[in-house]
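In: Got a predicted model here, sequence first, then my questions.
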Amino acid sequence: MPKVTFTDHAGETRAIDANPGDSVMETAVRNGVPGIVAECGGSLSCATCHVIVDPADFASLPPMEEMEDEMLYGTAVERRETSRLSCQIRITEDLDLHVTTPETQV
């Protein structure tokens, strides 16, 4: 089963089994992961589901679309090289992803 490991800004880690087809954001919200606000519910109109993807996992993700790239300029915490919006990362059967949530989303 695919797994997403969430690490918060303080270093606390939580691994969650994920459903293929769901987004990382949906997985986080459904499981009460702190640090994912998801104000827009995944409609790509905010940046409150910002995550920093582990560099070892980043290359395995599909490239981000232009709209996601633009939304990342609106994050509360400065974006990094491996920043993504978790609503735009879809869970696949073979996914084993590690992400860190920033200190704040708003």
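Out: Noted; the coordinates are in hand. As the structure is a prediction and not an experimental result, all values here were calculated from the model. Residues are numbered from 1 along each chain as shown.

In: check contacts around the spatially most central residue of the chain.
Out: Averaging the C-alpha coordinates of the chain gives a centre point, and the residue nearest to it by CA atoms, centre = their mean is residue 86 (2.8 Å). With contact set as CB atoms under 8 Å, 6 or more residues apart in numbering, residue 86 has these partners: 23-25, 28, 36, 38, 49-51, 99. C-betas here are computed from N, CA, C, even on glycine.

In: What is the neighbour count of residue 76?
Out: Burial of residue 76 is recorded as 13 neighbouring residues (other CB atoms under 10 Å).

In: Quick check: closest non-adjacent residue to residue 29.
Out: With CB to CB, 6 or more residues apart in numbering as the measure, residue 38 is the residue that lies nearest to residue 29, at 5.4 Å, once sequence neighbours are left out.

In: host element of the one you found?
Out: Following DSSP states H and E, one finds residue 38 outside all helices and strands.

In: wait, isn't it in contact with residue 49?
Out: Yes: applying CB atoms under 8 Å, one finds residue 38 in contact with residue 49, separated by 4.8 Å.

In: If you count surrounding residues, which of these two has more?
Out: Remark: of residue 38 and residue 49, residue 49 carries more neighbours, 30 against 19, as counted by other CB under 10 Å.

In: Before I go, just wanted to say thanks for your time.
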